[in-house]
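> Let me see the structure of the following:
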Amino acid sequence: MATAVVPLEDELGDVLEKGMRGKGLSIEQLAAAAEVSEGKIADAIDYRSELTLAEVRKLAEILGLNEVGMCALSQGSYPLPILPGLPFCLEVLHMNYGVGVANAYLLSEVGSSRGILFDTGSSLRALLEKWPSRISHVDAVFLTHIEGEHTGGLCDVVDYFGIPAAYVPEGCQAPCGSSLGEPTVTVCGTLEVTAYCTPGHASAHNCYRVRSGSGQSRTEVLIAGDLIFAGSAGGAYFCCRQHQEQLRRILKMCPPSTVIAPGHGPLSTVENELKFNPFAS
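Here you go, the predicted structure:
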């Protein structure tokens with residue numbers, strides 16, 4: 001399993017902004033409720049935070065966010081776990097997109113040249129730049145949601161690898177692929193992929209829980225898309241309420257050791273995010 005260190009997707013300011021959107025609060029309203037100056041909150045959102053730990057705790061309380069994780073973010077020290085071993089290979093394909101990085105994932109049985117792909121990146125070219133040479137065949141591709149940095153190369157990728165099965169969330173308007181709703185289980189070799197509908201970031205968004213059907217290990221992987229990141233969550237552009245409900249539902253459903261493979265940022269675990277993630281409180 002790849003363990004490269006990559007930056008968190010969000011900083012304190014991003015979390016504050018998402019928390020305010022979720023509560024329907026303006027900077028002025030949050031400042032008044034927390035007795036913190038509007039300027040300090042605006043500076044934090046603009047990545048120039050001078051908030052004290054006491055102020056961060058107060059903001060977290062008003063926004064209903066995990067104050068331990070918020071304080072860790074404010075200090076640039078959000079904790080990441082030691083990842084458990086998996087009974088299959090997990091390749092993380094980090095691809096530059098604009099000023100950020102998006103993740104696609106390739107899962108395969110140990111020693112196999114065949115794999116299954118989750119999201120495709122912005123283009124076939126971007127994906128091939130990160131592609132491991134040992135994988136020559138792709139048996140299926142699963143999309144978490146339709147956005148340029150995650151699915152821009154879908155049809156080209158399907159054609160290039162001759163992928164026999166492409167799956168998209170139910171309700172997606174995709175150029176190719178079959179709809180996959182909850183709780184459909186797809187078996188690829190010894191890997192079992194269960195789809196869960198998790199609207200919030202987008203109206204059509206899936207997470208995928210991947211387990212080994214061989215009984216070698218109970219450790220699982222959650223392909224989370226833009227539902228949750230290490231230390232944050234995806235923007236709830238479709239519905240804040242549904243996004244929060246789905247985030248809590250999925251974290252409660254998965255075993256604590258489950259590896260979270262998010263659409264952006266580093267890998268984490270369910271246990272770690274339940275302890276520290278601001279939006280998992």
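> got the residue ranges for the strands in the stretch 151-281 of the chain?
Listed in chain order, the strands found in the stretch 151-281 of the chain under DSSP state E, counting those that start in this stretch are 166-169, 178-180, 185-188, 191-197, 206-212, 221-225, 228-229, 232-233, 259-262, 268-269.
> and for the fourth one, what are the contacting residues?
This means strand 191-197. 88, 107, 109, 116, 140, 142, 167, 169-170, 180-187, 205-213, 250, 253 (CB atoms under 8 Å, 6 or more residues apart in numbering). All C-beta spots, glycine's among them, are computed from the backbone N, C-alpha and C.
> The strands of the stretch 151-281 of the chain: which one's closest to Y47?
strand 232-233 (14.0 Å; CB to CB).
> Pull out the CA atoms of stretch 269-281 and give them to me as CSV.
Taking C-alpha atoms only, stretch 269-281 is exported to CSV below (Å, rounded to 0.1, in the frame of the first residue of the first chain):
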residue,chain,number,x,y,z
THR,A,269,-8.7,5.6,9.1
VAL,A,270,-12.3,5.7,10.4
GLU,A,271,-11.0,5.5,14.0
ASN,A,272,-8.7,8.5,13.4
GLU,A,273,-11.4,10.7,11.8
LEU,A,274,-14.0,9.8,14.5
LYS,A,275,-11.5,11.1,17.1
PHE,A,276,-10.3,14.2,15.3
ASN,A,277,-12.2,15.2,12.2
PRO,A,278,-14.0,18.5,12.9
PHE,A,279,-17.1,17.3,11.0
ALA,A,280,-17.4,13.9,12.7
SER,A,281,-18.3,15.2,16.1
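> for it, the distance to its chain's centre please.
Using CA atoms, centre = their mean, to the nearest Å, the distance from the centre of stretch 269-281 to the centre of the chain it belongs to is 13 Å.
> For that stretch, buried residues please.
Neighbour-count burial for stretch 269-281 flags 269-281 (criterion: 16 or more other CB atoms under 10 Å).
> export the residues you listed to TSV and tack on pLDDT and distance to L93?
Listed next are the buried residues of stretch 269-281 as TSV, based on pLDDT from 0 to 100; distance: CB to CB, whole Å:
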residue	pLDDT	distance to L93
T269	98	20
V270	98	22
E271	98	25
N272	98	22
E273	98	22
L274	98	27
K275	98	28
F276	98	26
N277	98	24
P278	98	27
F279	97	25
A280	94	26
S281	77	31
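> Of the residues you listed, just say which sits nearest to R241.
F279 (12.7 Å).
> How about the closest one: what's its closest non-neighbour residue?
A233 (4.3 Å; CB to CB, 6 or more residues apart in numbering).
> That neighbour: how many residues sit nearby?
Per other CB atoms under 10 Å, the neighbour tally for A233 reads 28.
> nearest to V56, of the strands of the stretch 151-281 of the chain?
strand 232-233 (14.7 Å).
> quick one: strands adjacent to the closest one?
Within its sheet, strand 232-233 is paired with strand 228-229 (antiparallel), according to DSSP bridges.
> Now find how far off-centre the strand it pairs with is within its chain.
How far strand 228-229 lies from its chain's middle: 4 Å, per CA atoms, centre = their mean.
> what's that strand in contact with?
8-10, 234, 247, 250-251, 260, 262-265, 273, 277, 279-280.
> do that again at 10 Å, thanks
Under the contact criterion CB atoms under 10 Å, 6 or more residues apart in numbering, strand 228-229 has outside partners 8-10, 14-15, 103, 198, 201, 207, 222, 234, 243, 246-247, 250-251, 260, 262-266, 268, 270, 273, 277, 279-280.
> returning to what we had before: for my notes, please list the buried residues of stretch 269-281 in a markdown table and give distance to D46 for each entry.
Listed next are the buried residues of stretch 269-281 as a markdown table, based on distance: CB to CB, whole Å:
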| residue | distance to D46 |
| --- | --- |
| T269 | 31 |
| V270 | 32 |
| E271 | 33 |
| N272 | 28 |
| E273 | 26 |
| L274 | 30 |
| K275 | 29 |
| F276 | 24 |
| N277 | 23 |
| P278 | 19 |
| F279 | 21 |
| A280 | 26 |
| S281 | 25 |
